[in-house]
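*Asks:* any chance you could fold what I've pasted below:
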Amino acid sequence: MVSIDRISALPDELGIHILCFMPTKDAVATSILSTRWKALWTRLPCLNFYDERDFGDHNEEDVDVFDIFVSHVLHFPDSVDIEKCALVIHNDHDVLAVDDWICTLVRRKVVEFYFAFTFDLGTTFRIPQALYMCKTLKILTLHLYTNNFTADDPPALGCFPNLKELHAALFGIQLSSLVKFCSCCPGIEVLTIDGMVERGDDEVCDIQVLGRELKMLKVSFECDPHNTSINVYINAPKLETLYLRMDGLSNYFLMGSTRSLAYVTIAYAELGEEKPLHFPNQPIAILGGVSNVRYLSLWTPWFKDWHLPALGNLNQLKLVLWDCNYVESLAGFLHSAPNLEDLVLETSIKFEVEDSVVQWNPHEDVPVCLSSHLKTISITGFRGRQDEMEMAKYLLMNGPFLKKMTIYADLSCADEDLYKEFSMFQRTNDCQVELIMMQTSGRYDGRCDFRWWVDYDCN
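*Replies:* Down below sits the predicted model:
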């Protein structure tokens, strides 16, 4: 029987597409499979280099082999332009070699670049000026886990001229470098900054995030509570989606117009027992600047004396609380959001609250959203306490447009008694109530064990 060389019969375009999903080291190795594939790897628009995965991480020889291989691939003559490149480095490499690789990617018109390193270069690594000025680069992702990185001297004009997305995870970076880095990307549409900041020369640091075209912003800074705090000033008139992770030491200020903002997530880190003095005012100040949002997700401890701003356009609300009871804060939210349609409540951690301590005290007037708009309610972390039962009963009795209420209850609840009690609640419509019993351990992210369906007959 005559053997058929099916690999050589594959169209070059299909072969290139397949090789793009491989580590570049493996793609180059396929050159021995057939004569036609000998130089196919030189036409790859996607390159993927990872020193530990490709060549090990135990000795200097492996590092040298990796350096030679990357340089050979990037400098190979007559190679095509690069659409995507991932360069992941965990071992010590020559900083000049890394700089050369990045400059070569720029010359080869890279469009999307993922660059990560976690090693100590032994000397300060600066982003090459060529990368700042790259005209083809549209998506840049940086994961830098080192205190030897600096963003000094970005060009004053023409920085990242066509960049649309920047995702940066910067851990151990100095504040001065962070300030300069945030100021060098004015034309992007998507910006993600995540990092742990080292102490700077000043106790308070101001960071400007200016984006005339910015549509999505995600910011998460972590500061040492005994060191520097950060003030972040955001001026992005076209911003649509905002995610802020706050540690109590990072203050955020929305400057200029926020009319385009539709989706906002504010997530506080769990601060422990020591909270900054200004902490209770931070979420309220942010909410006051995003009063036009349609979707709000708030992860935070809550205080009964906070005063909410009017959220007239809010349709969807996810409220995740810890160190307190959502029953205490729900009434205020319902009255502040008259057009709310979908509500998600969640208790993030277990806590013990006596029935006599917390009571459901709704306002005399039924919230407009409950009587006119609210359609779905989901409650996670339901313990079956008296205040929770009264709250659920109130929502069911005063929500004529409710279609479904889903309750994720702890298995410690007496499930049959809970089912019977919900069955006895009077209703104004045929809202479906689903009781889901959860096996939990600390946080309400456990598995579903079984569920009850509560059907109401309104006739």
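*Asks:* the strand or helix carrying Val264 pairs with which strands?
*Replies:* Assigned by DSSP states H and E, Val264 belongs to strand 263-268. Sheet pairing here is set by DSSP bridges, and for strand 263-268 it gives strand 241-246 (parallel), strand 295-301 (parallel).
*Asks:* in TSV, list these along with distance to Gln386.
*Replies:* For every residue, glycine as well, the C-beta is placed using N, CA and C. TSV is the format used below for the strands paired with strand 263-268 (distance: least, CB to CB, whole Å):
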stretch	distance to Gln386
strand 241-246	33
strand 295-301	23
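*Asks:* mind checking which of those strands is nearest Tyr419?
*Replies:* strand 295-301 (30.1 Å; CB to CB).
*Asks:* who touches Ala392 in this structure?
*Replies:* By CB atoms under 8 Å, 6 or more residues apart in numbering, the contact list for Ala392 reads Ile379, Phe382, Met405, Ile407, Phe422, Phe425.
*Asks:* where do the helices sit along the protein?
*Replies:* Under the criterion DSSP state H, the chain carries helices at the ranges 6-9, 12-19, 24-29, 51-55, 60-74, 95-107, 129-132, 175-182, 282-289, 326-336, 368-372, 386-398, 415-424.
*Asks:* tell me which residues touch Leu166, please.
*Replies:* Leu140, Thr141, Leu142, Phe160, Cys185, Ile188, Val190, Leu191, Thr192.
*Asks:* gap between the residue nearest to the spatial centre of the chain and Leu47?
*Replies:* In the chain, the residue lying closest to the centroid (CA atoms, centre = their mean) is Lys218, at 6.4 Å. Plainly put, Lys218 is 27 Å away from Leu47 if you go by CB to CB, to the nearest Å.
*Asks:* again with Asp100
*Replies:* Relative to Leu47, Asp100 is positioned 15 Å away (CB to CB).
*Asks:* who's more crowded, those two?
*Replies:* Leu47 (23 against 17; other CB atoms under 10 Å).
*Asks:* was I right about the more buried one contacting Ala86?
*Replies:* Yes: with contact defined as CB atoms under 8 Å, Leu47 and Ala86 form a contacting pair (7.3 Å).
*Asks:* got a quick ChimeraX command for the buried subset of the contacts of Ala392?
*Replies:* Of the contacts of Ala392, the buried ones go into a single ChimeraX selection, burial set by 16 or more other CB atoms under 10 Å:
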select :379,382,405,407,422,425
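*Asks:* buried stuff in stretch 370-385?
*Replies:* Using 16+ other CB under 10 Å as the test for burial, stretch 370-385 gives 370, 373-374, 376-385.
*Asks:* for Ile89, see how far away Ala97 is.
*Replies:* 10 Å.
*Asks:* same check on Tyr252?
*Replies:* Counting by CB to CB, the separation of Tyr252 from Ile89 is 33 Å.
*Asks:* what do you get for Tyr419?
*Replies:* Per CB to CB, Tyr419 is found 57 Å from Ile89.
*Asks:* more neighbours: these two, which one.
*Replies:* Neighbour count, other CB under 10 Å: between Tyr419 and Ile89, Ile89 has more, with 22 against 18.
*Asks:* ok, now which ones touch that one?
*Replies:* Neighbouring residues of Ile89 by CB under 8 Å, 6+ apart: Asp51, Val98, Ala116, Phe117, Thr118, Phe119.
*Asks:* check Ala130 too.
*Replies:* Applying CB under 8 Å, 6+ apart, we find Ala130 in contact with Ile102, Cys103, Val106, Arg107.
*Asks:* can you add distance to His72 and neighbour count and give those back as CSV?
*Replies:* Output for those, formatted as CSV (distance: CB to CB, whole Å; neighbours: other CB atoms under 10 Å):
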residue, distance to His72, neighbour count
Ile102, 16, 20
Cys103, 16, 16
Val106, 18, 20
Arg107, 16, 13
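*Asks:* and of those, the nearest to Ser260?
*Replies:* Relative to Ser260, the closest of the contacts of Ala130 is Val106; by CB to CB it sits at 32.9 Å.
*Asks:* wait, the closest one sits on Leu131?
*Replies:* Yes: taking contacts as CB under 8 Å, Val106 lies within contact range of Leu131: 6.0 Å.
*Asks:* which neighbours do these two share?
*Replies:* Among the neighbours of Val106, those also in contact with Leu131 (CB under 8 Å, 6+ apart) are Leu137.
*Asks:* Ala262 and Leu239: what is the separation?
*Replies:* Distance check for Ala262 against Leu239: by CB to CB, it reads 9 Å.
*Asks:* that'll do, ta.
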